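1. Give the three-dimensional model of this entry:
(one chain, ligands or ions: 1)
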Amino acid sequence: MLPALAVGYRGAMRFQKRIPVSVIGGFLGAGKTTLVNHLVSTAPYRFGIIVNEFGETGIDGSLIENVDTDGIAELSNGCLCCVGRDDLVSAMFKITSRKDPPDYLLIELSGLADPVPVAQTVMDPFARTKFELDGIIGVADARNLEQTLRDGPEGAVQLAYANTIVLNKTDLATPEQIDQAEQLLQQINPLAEVRRADHSKADPQALLGLKAFGLEWKPQGYQHLHAPNLQTFTLTAERPLERHKVNEFIDSHLISRPNAVFRAKGFLQVRGFKQQILFQSVREIFSLEQANQPAQAPSKLVVIGRGLNPLEYEEAFRATQQR
Ligand SMILES: Nc1nc2c(ncn2[C@@H]2O[C@H](COP(=O)(O)OP(=O)(O)OP(=O)(O)O)[C@@H](O)[C@H]2O)c(=O)[nH]1
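-> Predicted structure coming up:
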């Protein structure tokens, strides 16, 4: 039988180098998109990026810099670990069939997805004709890791099979939190190499091109777990938002509820600003910055959390609009 990496071509047979694929997982807001941007700007590859989001509104695709839109595929509305494995394989083939194809693929998972089924999809016999799983990279938030693990077992599964873990946001964590996070990672995944970082600035050579998984990799003791009871909804508003009311909304409905609102992100059209405002929050930490796109309606804000009343949020968000 022909080896999997040999392909026939006009009667002749040629050998094709398989495209390495790294799967990037980690809990909501840990710094996965930040890592993708860091790798794109520092590693010597032409990247194709597949972004998976839990919410129905894709935001992450527009946050990826320096890769043209043909090199990015967005698979929104569900976690790749549970749905859309065919979608993933088609996106992988499509993105690498373009005229100027990438030589490395990064798959950024939703902040709730389990990386293992995705890694197994990359290793299935069909995908293997063109791709090879290079590694699973976990991103962990040094400040919030303990709380994330306390909230449910899914956070641990996201890191348990990684070959390298970027222990991120060390700038927001105390030295004790960082040490404690390292100890927790050691318990969850003693085999992973842990790299401390802020803004996901880990050495690309420690993350990519490692060939960390053999062809016959089978995760031991693995059980697919998915974050239960988490909700996501998108808030929209057609008219420009009033700045002071948005500030009040952020305070009352997002950052003051860190154990209910895990993550929020979106583009806002705020009165007085010509550009869209990118809002991001991870529990009680948030940022507001002017994005490159001109302000346009509607404002969209994706909220992910637990035990929330979407109607209350819709009403409160609409009330931030200019009268
Ligand atoms: N202070 C600080 N902020 C960070 C760091 N890394 C990322 N951030 C910020 O944290 C927020 C979330 O970062 P992302 O890279 O979008 O996180 P993510 O894991 O892709 O998020 P999801 O896809 O929603 O799960 C953004 O506002 C980032 O700018 C860090 O090391 N320090």
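2. Run through the residues of the stretch 1-150 of the chain sitting next to the ligand.
-> Residues of the stretch 1-150 of the chain found near the ligand, taking C-beta under 6 Å from any ligand atom as the criterion, are Gly26, Leu28, Gly29, Ala30, Gly31, Lys32, Thr33, Thr34, Asp60, Gly111. C-beta coordinates here come from the backbone N, C-alpha and C atoms, glycine included.
3. Go through the residues you listed and flag which are in strands.
-> Using DSSP state E, no member of these sits in strands.
4. Which one among those sits at the bottom for pLDDT?
-> The lowest pLDDT within those belongs to Asp60, which sits at 75.
5. Neighbour count for the residues of the stretch 1-150 of the chain next to the ligand - can I get that in CSV?
-> As requested, those are arranged in CSV below (neighbours: other C-beta atoms under 10 Å):
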residue, neighbour count
Gly26, 29
Leu28, 25
Gly29, 25
Ala30, 30
Gly31, 27
Lys32, 27
Thr33, 24
Thr34, 20
Asp60, 22
Gly111, 29
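6. Look up how far Phe54 lies from whichever residue of the chain sits closest to the ligand.
-> Each residue of the chain has a distance to the ligand, by C-beta to the nearest ligand atom, and the smallest belongs to Gly111, at 2.6 Å. With the distance defined as C-beta to C-beta, to the nearest Å, Gly111 ends up 7 Å from Phe54.
7. quick one: common contacting residues for the two?
-> Applying C-beta atoms under 8 Å, 6 or more residues apart in numbering, one finds that Gly111 and Phe54 are jointly contacted by Ile304.
8. Nearest residue to the residue of the chain closest to the ligand in space, please, no chain neighbours.
-> On the basis of C-beta to C-beta, 6 or more residues apart in numbering, the spatially nearest residue to Gly111 that is not a chain neighbour turns out to be Leu28, at 3.2 Å.
9. show me the contacts for the one you found.
-> For Leu28, the contact set (C-beta under 8 Å, 6+ apart) comprises Gly111, Leu112, Phe262, Arg263, Val282, Ile304.
10. Most neighbours among those residues, please name it.
-> In terms of neighbour count, Gly111 stands highest of the contacts of Leu28 at 29 neighbours, by other C-beta atoms under 10 Å.
11. show me what contacts it?
-> Taking C-beta under 8 Å, 6+ apart as the definition of contact, the neighbours of Gly111 are Gly26, Phe27, Leu28, Gly29, Ala30, Lys32, Phe54, Phe262, Arg263, Ile304.
12. I'd say the first one and Ala156 touch.
-> Which is Gly26. No: judged on C-beta atoms under 8 Å, Gly26 makes no contact with Ala156 at a distance of 11.4 Å.
13. so what's the backbone phi/psi at Asp70?
-> For Asp70, the backbone dihedrals (degrees, to the nearest 10) come out as phi -70, psi -20.
14. burial measure for it, as a count.
-> Applying the criterion other C-beta under 10 Å, we find 13 residues in the vicinity of Asp70.
15. Kindly reformat the residues of the stretch 1-150 of the chain next to the ligand as JSON lines containing distance to Asp198.
-> What follows is those, written out as JSON lines (distance: C-beta to C-beta, whole Å):
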{"residue": "Gly26", "distance to Asp198": "15"}
{"residue": "Leu28", "distance to Asp198": "18"}
{"residue": "Gly29", "distance to Asp198": "14"}
{"residue": "Ala30", "distance to Asp198": "12"}
{"residue": "Gly31", "distance to Asp198": "9"}
{"residue": "Lys32", "distance to Asp198": "15"}
{"residue": "Thr33", "distance to Asp198": "15"}
{"residue": "Thr34", "distance to Asp198": "10"}
{"residue": "Asp60", "distance to Asp198": "20"}
{"residue": "Gly111", "distance to Asp198": "19"}
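16. quick one, helices of the stretch 51-200 of the chain?
-> 60-63, 85-95, 115-122, 145-151, 154-160, 175-188 (DSSP state H, counting those that start in this stretch).
17. Let me know which of those is tucked in deepest.
-> When those are scored by mean count of other C-beta atoms under 10 Å, the highest mean neighbour count falls to helix 154-160 (a mean of 24).
18. Check which helices and strands that helix sits against.
-> With contacts defined as 3 or more C-beta pairs under 8 Å, 6 or more residues apart in numbering; DSSP states H and E, helix 154-160 has these neighbours: strand 131-141, helix 145-151, helix 175-188.
19. how near is Thr232 to Ser110?
-> Thr232 sits 9 Å away from Ser110, going by C-beta to C-beta.
20. Looking at these two, which has the bigger crowd around it?
-> Between Thr232 and Ser110, counted using other C-beta under 10 Å, Ser110 has the larger neighbour count: 25 against 22.
21. The nearest residue to that one once chain neighbours are set aside: neighbour count?
-> Nearest-residue entry for Ser110: Phe54, 4.1 Å, with adjacent residues in sequence omitted and distances by C-beta to C-beta, 6+ apart. Other residues near Phe54 come to 22 when the count uses other C-beta under 10 Å.
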